[in-house]
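Peer 1: Model the following, please.
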Amino acid sequence: MDSHVSMAPGLSPADLELLHKVEAGLPITADVSRADILLCTPLGKDKALVAFHAIPNSISSLYRNDATGRVLNADDQPLLMQALNRGSGGRRQREVISHGAPVIQDVFPIHNHEGKVIGAILVETNMIAHERQRRRNRHFRQAVIWMQEMCARGELESATNLSSFTLYDGVYMVDHTRTVVYMSGIAANLFRSIGITPEVHTQQLTSLEPCDVELVERVFETHACQMARVETENGRIWVRSAIPLRMPTITWRNYWLALPWTPFSPHASESGVDAVLVLLHNATEAVQKERELNVKSAIIQEVHHRVKNNLQNIAAILRIQARRVQSDEARQHLTDAVNRVLSMSVIHEFLSQDEHRPINVRDVCQRIASQVTQVSARPDQEITIQVQGSSVRLPASQATPLAMVVNELLLNAVEHGLKDRPVGLIRITLEDLGDAVELEIADNGDGLPPDFDPTQASHSLGLQIVKTLVTDDLKGTLQMESIYEERDGQSQIVGARAVVRLPKRSGRAGV
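Peer 2: Residues are numbered from 1 along each chain as shown. The predicted structure is shown next:
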């Protein structure tokens, strides 16, 4: 997600620094709150800019698109404007017209060190999620409010590197006496799966795993968010994110009306941390799947590498055979076969590096051009092949047939267009048309025969291959024509060109 914090008008460098600290804590606060959170800055008295939109990972967003950059007005957001103009927060219920669902809004003004309001965070929760939150443990509900208020003060800056909190993650809360005062059902089930049975009411932190104790103590010592990934010998991988909680000195009256209890003593901790919220994510299955995919990918890349080597060996054998045959026609056929095999080996060489990455067609054309120059040109010929245009990337399912097409068209230009010329030039031009790709191969040779018809070119194996690959595999079009130029008032043939246009195909690269 992009941020417009630096674009907020009329703010000092210190104010912008504070807003960036607020922004750093918004993603994890949105996840734990199960709400969309908008960081807003004033644009005059009646408008506000959404400088950053934190979209929750723990629940579906209320917005179809990222709201960053939107301008909000006083008619739609009276509570927000009240916070920006008067510095007072609050809560209200509003209707979202596009969805027709009621939304609960909580607004927290952001004050700089001089007490001036420089922004506000707008917490928006759908009514269903709000009702579910109301039924949750009171310690957890208080923790959510503390997080939101700490975030508005820029005190969750250290949460930047925490992993996201999802619907399937567990959470537990530890107070300053190192007592676990709350544990979600998911967290309890995770601990039961490893033989630790959480108590119904409260239990000491030491009854959990040693890594839990170490992580929580580190938060109490540093006053900052901490994260730990622990992998056991049996393959279990848990990621813990720990967030320090501090009781605010001033709490909005409407919150105290909604929550008329204080779960912790006002003199809870000398360290300034009143409690620690620990988010528990079981990454075992995801990491195992990732490792399996990495192993499969490595095997597939090795297969592509061996296929490339085998194709190059086949090409070498055919090249030896071509030198031994007496017939010029047979030698030419074997030379063409060498180029076709090598053009396929080029694709496998790219796939051996990274099978998932789309292939740069311009690099493929450059490699094939070098091969054709080395293998097909006569010793007494000087043929230059230039590659120009866009760096187009295509999946291997398209790059493979396109490489064959390039090879055949280059061979056709060398063998026919530049056949009797000591010096020749071939240009390969690639153009990215957005949803399509255009490839042009042009030479400065003798042009096409007067009666040439590519649709009836059954006498040419190369053009048959090109036509089949373009129309059937690439679902594209092929156009071949002579190039004319006006000289001394007459139109003369100065070469030939073939133009291939194909639609881009999305999807994973594969042969």
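
Peer 1: Just list the residues touching the closest residue in space to residue 469 that isn't next to it in sequence, thanks.
Peer 2: The shortest distance from residue 469 to any non-neighbouring residue, by Cβ to Cβ, 6 or more residues apart in numbering, is to residue 401 (4.4 Å). Bear in mind the C-beta positions are built from the backbone N, C-alpha and C, glycine included. Under the criterion of Cβ atoms under 8 Å, 6 or more residues apart in numbering, the contact list for residue 401 reads 469, 470, 473, 474.

Peer 1: which two of the residues you listed lie the greatest distance from each other?
Peer 2: Across these, no pair lies farther apart than 470 and 473, at 7.5 Å, counting by Cβ to Cβ.

Peer 1: quick one, which of those two is more surrounded?
Peer 2: residue 470 (23 against 16; other Cβ atoms under 10 Å).

Peer 1: Now the more buried one: closest residue in space that isn't a chain neighbour?
Peer 2: Residue nearest to residue 470 in three dimensions, not counting chain neighbours: residue 478, with 4.6 Å by Cβ to Cβ, 6+ apart.

Peer 1: same deal with residue 190?
Peer 2: Residue 190's closest residue in space is residue 170 (Cβ to Cβ, 6+ apart), at 5.2 Å.

Peer 1: what do you get for residue 246?
Peer 2: Among residues not flanking residue 246 along the chain, residue 274 sits closest, at 5.6 Å (Cβ to Cβ, 6+ apart).

Peer 1: I figured the one you found was touching residue 223, is that so?
Peer 2: No - using Cβ atoms under 8 Å, residue 274 is not in contact with residue 223; the gap is 11.0 Å.

Peer 1: the more surrounded of those two?
Peer 2: residue 274 (21 against 13).

Peer 1: Tally up the residues packed near residue 435, please.
Peer 2: 8.

Peer 1: Check residue 479 too.
Peer 2: 12.

Peer 1: what about it, helix or strand, and which?
Peer 2: In the assignment (DSSP states H and E), residue 479 maps to strand 477-487.

Peer 1: mean confidence score for the helix or strand that that strand is followed by?
Peer 2: Of the helices and strands lying after strand 477-487 in sequence (DSSP H and E), the nearest is strand 490-503. For strand 490-503, mean pLDDT is 89.

Peer 1: Now tell me what touches strand 490-503 from outside.
Peer 2: Counting by Cβ under 8 Å, 6+ apart, 398, 402, 405, 409, 412-413, 417, 433, 435-448, 466, 470, 474-486 sit against strand 490-503.

Peer 1: Just the buried subset of those residues, please.
Peer 2: With burial judged by 16 or more other Cβ atoms under 10 Å, the buried subset of those is 398, 402, 405, 409, 412-413, 417, 437-448, 466, 470, 474, 476, 478, 480, 482-483.

Peer 1: Find the residue closest to residue 321 in space, skipping its chain neighbours.
Peer 2: Among residues not flanking residue 321 along the chain, residue 334 sits closest, at 5.7 Å (Cβ to Cβ, 6+ apart).

Peer 1: Now do the longest helix anywhere in the chain: distance to the chain's middle.
Peer 2: Using DSSP state H to define each element, the chain has its longest helix at helix 284-324. With Cα atoms, centre = their mean, to the nearest Å as the basis, helix 284-324 stands 27 Å off its chain's centre.
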